[in-house]
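Participant: Mind folding the following:
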Amino acid sequence: MKKLLFTLFVLILMLCAAAIAEEAQAPALLLEEPEVFTPEWFMGDNPEPVPGEPCLSFTVNTYTEDGENDRGPVTFMMWEVYAYETAGLPFTLTCMDTYGYFWEEDDRYEYESFNGSVIWYDYEGETPHWETAGRMPVQFCRGYGYVFYGTDADGNELSFRLWVDLSSFME
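Facilitator: Predicted coordinates:
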């Protein structure tokens, strides 16, 4: 009986060791998120691409456009964000969080979260991409931080960050 218990104990230890080793080799696919989101965090680099995992790259266009709001004529700062999966692997966008920073020396922000269905998904030639855009009157806005959340073909969660610098539009 002691031999049987000892054998079972050894087998359990071997299984636990194998599970720990497998977990240690799994890549960290989610960004390490701070307790408080700051513009500096959004300006940081995304993790290095992991071979065999999706990777997002971004293109941002900023410009101004004249228009009107409830106060009359106004110049709007406009931005468009294009996110491209660049590793040629399946990626499902599930959520996009935005953080708008409006004060020069303050890290307070306006927060909104969008599920993946409200973010435009288009094909441009052979390259599928996601699009989102923003618009507000030219004012004292420092910029917008974005976190894009999604999953790969195996259901692993991934996240990517982006900073849209709007400080050149500040008055």
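
Participant: All the strands of the protein, in order from the start?
Facilitator: Counting by DSSP state E, the chain has strands at residues 56-69, 72-85, 91-101, 110-115, 120-124, 127-137, 143-152, 157-165.

Participant: for those, which one ends up most surrounded?
Facilitator: Of the strands of the chain, the one with the most neighbours on average (mean count of other CB atoms under 10 Å) is strand 143-152, at a mean of 21. (Each C-beta comes from the backbone N, C-alpha and C, glycine too.)

Participant: How many residues are close by the residue nearest to Trp163 when sequence neighbours are not counted?
Facilitator: Spatially, and ignoring its direct neighbours in sequence, Trp163 is nearest to Phe42 (3.9 Å; CB to CB, 6 or more residues apart in numbering). Residues lying near Phe42 (other CB atoms under 10 Å) number 19.

Participant: any idea how far Arg161 is from Phe42?
Facilitator: 5 Å (CB to CB, to the nearest Å).

Participant: Give the intersection of the neighbour lists for the two.
Facilitator: Gly145, Tyr146 (CB atoms under 8 Å, 6 or more residues apart in numbering).

Participant: Point out where this protein drops to low pLDDT.
Facilitator: Along the chain, the model assigns pLDDT under 70 to residues 1-30, 103-108, 116-128, 140, 170-171.

Participant: if we go to 80?
Facilitator: 1-36, 47, 102-111, 114-129, 136-141, 169-171 (pLDDT under 80).

Participant: Show the contacting residues for Met78.
Facilitator: Going by CB under 8 Å, 6+ apart, Met78 touches Thr62, Tyr63, Thr64, Glu65, Ala133, Gly134, Arg135.

Participant: What residues are bridge-paired with the third one?
Facilitator: Right, Thr64. Counting by DSSP bridges, Thr64 forms beta bridges with Met77.

Participant: Adding distance to Asn46 as columns, could you present the strands of the chain in TSV?
Facilitator: Formatted as TSV, those follow (distance: least, CB to CB, whole Å):
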stretch	distance to Asn46
strand 56-69	8
strand 72-85	11
strand 91-101	13
strand 110-115	19
strand 120-124	20
strand 127-137	15
strand 143-152	10
strand 157-165	5
